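# pasting the structure only:
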């Protein structure tokens, strides 16, 4: 840690650890969702590729955020807030992909 980082505002460790736990659980749910979606009995088509890309990108973004949360310097508030923002983007991208998967499956069932 540099002198500047040591003088910056810190995140309380209990709060950081709670956030780290939530990020890990959310990432696990996202990975579970893509596993369940992959075992869906409906056949995959080209229309499923954007959904797969969104869910995969969201999972990758969440993993990047989790990696940043695990860093020793994540107690620096500025770095913690940046990792938190990245994580929220990852959750949002994964959620949009999950919703699109549900909509596509529903449309395929009614056709």
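Arrived safely. As the structure is a prediction and not an experimental result, all values here were calculated from the model.
# which residues of the chain score low on pLDDT?
Applying pLDDT under 70 to the chain flags the ranges 1-6.
# quick one, helices of this protein?
All helices of the chain, identified by DSSP state H, fall at 3-7, 13-38, 49-70, 77-110.
# so can I have CSV of the ones you listed showing mean neighbour count?
No exception for glycine: its C-beta is placed from N, CA and C like everyone else's. Converted to CSV, the helices of the chain look like this (neighbours: other Cβ atoms under 10 Å):
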stretch, mean neighbour count
helix 3-7, 9
helix 13-38, 14
helix 49-70, 18
helix 77-110, 16
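# ok, now which ones touch residue 71?
Listed by Cβ atoms under 8 Å, 6 or more residues apart in numbering, the contact partners of residue 71 are residue 79.
# so the residue nearest in space to the middle of the chain versus residue 86, what's the distance?
A centroid search over the chain (Cα atoms, centre = their mean) returns residue 62, at 2.9 Å, as the residue closest to the centre. Distance, residue 62 to residue 86, by Cβ to Cβ, to the nearest Å: 8 Å.
# next one: residue 80
Residue 80 sits 11 Å away from residue 86, going by Cβ to Cβ.
# again, but for residue 70
Residue 70 is 13 Å from residue 86, by Cβ to Cβ.
# skip the chain neighbours and tell me the closest residue to residue 27.
Nearest non-adjacent residue to residue 27, counting by Cβ to Cβ, 6 or more residues apart in numbering: residue 62, 4.7 Å away.
# contact partners for the one you found?
Residues near residue 62 by Cβ under 8 Å, 6+ apart: 23, 26-27, 30, 87, 90-91, 94.
# now do residue 100
Counting by Cβ under 8 Å, 6+ apart, residue 100 touches 50-51, 54.
# from those residues, which is closest to residue 11?
Comparing the contacts of residue 100 against residue 11 with Cβ to Cβ places residue 54 closest, at 29.9 Å.
# ok, that closest one touching residue 93?
Yes - the criterion here is Cβ atoms under 8 Å, and residue 54 meets it with residue 93 at 5.7 Å.
# can I get the contacts of residue 100 in CSV with distance to residue 12?
Converted to CSV, the contacts of residue 100 look like this (distance: Cβ to Cβ, whole Å):
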residue, distance to residue 12
50, 40
51, 38
54, 34
